[in-house]
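*Asks:* sharing a sequence plus its predicted fold:
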Amino acid sequence: MDERIFGFNKVVIDTVYDVICLLYPVTGSERDFARFYVLETVARVPYFAYLSVMHLRETFGDRDPGDSERMRTHYAEADNELHHLLIMESLGGNSSAVDRTLAQTMAFFYYWYVTVVYSFSEPAAYHLSELIEDHAFNTYDGFLRDHGPKLKGMPVPDIARKYYERDDPFLFDQFCTVKEPDGGEFTSRSRPPLESLYDVFVNIRNDEKEHWKTLCNLVQLDDTQGFPVQSTEPAPPQLAAP
């Protein structure tokens with residue numbers, strides 16, 4: 001990716017993430033769920049932005065055979081992030097009007113920003129979300145590592161059990177676009193059984209990794225599938241892909 005676009009995107013996302021970290025430091029208290037509520041509210045809006053632009057292009061006759069599959073993937077990604085958000089709400093993450101207002105305000109402006117970027121450069125817009133999902137994965141991974149014992153003593157929210165264990169897995173499998181090699185065959189990701197809140201956050205963390213994989217491939221290959229997956233790297237303008 002053009003190093004200028006890469007650098008600008010990194011500044012934007014790192015700034016947003018640093019603001020969230022400043023306002024919501026991870027402490028092992030119930031306030032952590034407010035942080036995750038804000039993060040999930042912001043992280044899911046790019047998928048709406050992608051779909052909005054793609055639907056508008058279709059309206060004006062700009063259709064591509066591969067767009068339908070990509071739109072299904074983005075819808076499934078949005079549905080997955082919605083359930084992350086519902087889980088955080090069930091844990092009380094949205095109990096404060098201040099937290100709700102901050103999250104919704106950030107999401108509103110970020111939606112329009114991504115919509116404009118996606119209209120002119122799909123790779124640049126996908127890269128924004130790649131950076132967000134990478135931050136999200138690392139945040140949840142650190143949370144599990146630092147507060148695992150406490151989470152293992154907390155119950156599974158009903159909405160999490162419904163989504164991960166009882167709902168039709170079609171949409172879940174739809175957003176897991178990168179299949180892991182297993183003995184020469186490529187297989188879909190399995191979901192750990194839910195015995196405690198710890199397992200819920202393991203699933204959420206792993207979901208964020210799936211989003212990251214898909215976005216990396218969209219930035220680098222203009223396709224949802226590809227293996228192995230690696231982070232997008234900056235390149236001098238003359239070497240960057242057109």
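*Replies:* Structure received. Numbers count the residues shown, from 1 in each chain.

*Asks:* from now on I want contacts and neighbour counts done on CA atoms only, so please keep to that.
*Replies:* OK.

*Asks:* do a quick rundown of the strands in this protein.
*Replies:* Assigned strands in the chain, in chain order: 180-182, 185-187 (criterion: DSSP state E).

*Asks:* worst average pLDDT in these?
*Replies:* Per-stretch mean pLDDT for those is lowest at strand 185-187 (a mean of 47).

*Asks:* number of residues surrounding the residue nearest to Thr73 when sequence neighbours are not counted?
*Replies:* Spatial nearest neighbour of Thr73, excluding adjacent residues (Cα to Cα, 6 or more residues apart in numbering): Phe175 at 5.2 Å. Neighbour count for Phe175, taken as other Cα atoms under 10 Å: 23.

*Asks:* got it, and Gln230?
*Replies:* Neighbour tally, Gln230, other Cα under 10 Å: 12.

*Asks:* just the one 3 residues further on next, same as before
*Replies:* Using other Cα under 10 Å, Glu233 is surrounded by 11 other residues.

*Asks:* enumerate every residue touching the residue positioned nearest the centre of the chain.
*Replies:* Note on the chain: the residue nearest the mean C-alpha position is Glu133, at 4.6 Å, using Cα atoms, centre = their mean. Shown in contact with Glu133 (Cα atoms under 8 Å, 6 or more residues apart in numbering): Ala43, Glu208, Lys209, His211, Trp212.

*Asks:* pLDDT score assigned to the residue nearest to Gly92 when sequence neighbours are not counted?
*Replies:* Spatially, and ignoring its direct neighbours in sequence, Gly92 is nearest to Phe33 (6.8 Å; Cα to Cα, 6+ apart). pLDDT for Phe33: 97.

*Asks:* need the contact list for Phe33.
*Replies:* Phe33 sits next to Met88, Leu91, Gly92, Gly93 when contact means Cα under 8 Å, 6+ apart.

*Asks:* ok, back up a step: what's the farthest-apart pair in the contacts of Glu133?
*Replies:* The span of the contacts of Glu133, defined through Cα to Cα, is set by Ala43 and Lys209 at 13.1 Å.

*Asks:* higher neighbour count, these two?
*Replies:* Applying other Cα under 10 Å to Ala43 and Lys209 shows that Ala43 carries more neighbours, namely 23 against 19.

*Asks:* residues touching that one, list them.
*Replies:* By Cα under 8 Å, 6+ apart, the neighbours of Ala43 are Glu81, Ser129, Ile132, Glu133.

*Asks:* what's the local residue count around the second one?
*Replies:* Right, Ser129. Ser129, neighbours per other Cα under 10 Å, totals 23.

*Asks:* export the contacts of Ala43 to a markdown table and tack on pLDDT and distance to Val11?
*Replies:* Shown next, in a markdown table, are the contacts of Ala43 (pLDDT from 0 to 100; distance: Cα to Cα, whole Å):
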| residue | pLDDT | distance to Val11 |
| --- | --- | --- |
| Glu81 | 96 | 24 |
| Ser129 | 96 | 13 |
| Ile132 | 95 | 12 |
| Glu133 | 95 | 15 |
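
*Asks:* in helices only, show me those residues.
*Replies:* Glu81, Ser129, Ile132, Glu133 (DSSP state H).
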